[in-house]
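Asks: Using only what follows, build the 3D model:
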Amino acid sequence: MKMKMDYIADSGLETERIEFTVLEDCNLMYFLVSDSNYRHEKYISNQVMQTHWFQPCDVKQNDHVILYTRKGQDTVQRKGHNFIYTFYRNLETPVWASRDAAVLFELSGWRTLHKETPPPAPKRNWFKALFSKKTAKKQKPVVMPS
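Replies: You can find the predicted model right below:
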């Protein structure tokens, strides 16, 4: 992964946040964060709760990303040679008081499909139709005297 989660800070409080470190130059639009629970002490649940998909933003190695749960205005701040990017999920209440785990997904790509997109027309298997028993037999041409 090109970014890692460092920790969840102030769980259950208004200042609740997740902090990340960028490991390689990348764009944040390829990252999605979700909250989940553990179903066993070692295994994460397959329930994906609320998600946050980062907006397009180029980040460099060793930059820091902070994602607050609360409402706020996104900011960028320079710190030495690097930057601190602060984002907000704009949720009304803290999440980590009732959730056990944050899950970071790095996406290599995605496609969207509108719910009203019609299914494709069935494709006719021309090879099968050519050799099927249902194929009409060729008839000899009828020669009419002139």
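Asks: Please list all residues in contact with Tyr88.
Replies: Residues in contact with Tyr88, defined by C-beta atoms under 8 Å, 6 or more residues apart in numbering, are 67-74. C-beta coordinates here come from the backbone N, C-alpha and C atoms, glycine included.
Asks: Give me the subset of the residues you listed lying in strands.
Replies: 67-68 (DSSP state E).
Asks: Give me the buried entries from the contacts of Tyr88.
Replies: 67-70 (16 or more other C-beta atoms under 10 Å).
Asks: and Leu28, backbone torsions?
Replies: Dihedral pair for Leu28: phi -70, psi -20, per degrees, to the nearest 10.
Asks: what's the spacing between it and Ala101?
Replies: 21 Å (C-beta to C-beta, to the nearest Å).
Asks: And these two? Which one has more around it.
Replies: Set Leu28 next to Ala101 and count neighbours by other C-beta atoms under 10 Å: Leu28 wins out with 21 against 15.
Asks: Show the contacting residues for the more buried one.
Replies: Residues near Leu28 by C-beta under 8 Å, 6+ apart: 3, 54-59, 65, 85.
Asks: okay, now the residue nearest to it when sequence neighbours are not counted: neighbour count?
Replies: Leaving aside its chain neighbours, Leu28 sits nearest to Phe54 (3.7 Å; criterion: C-beta to C-beta, 6 or more residues apart in numbering). By other C-beta under 10 Å, the residues close to Phe54 number 19.
Asks: Could I get the pLDDT score of Phe54?
Replies: Note on Phe54: pLDDT of 97.
Asks: who's in contact with it?
Replies: Counting by C-beta under 8 Å, 6+ apart, Phe54 has contacts 28-29, 31-33, 65, 87.
Asks: Thank you, goodbye.
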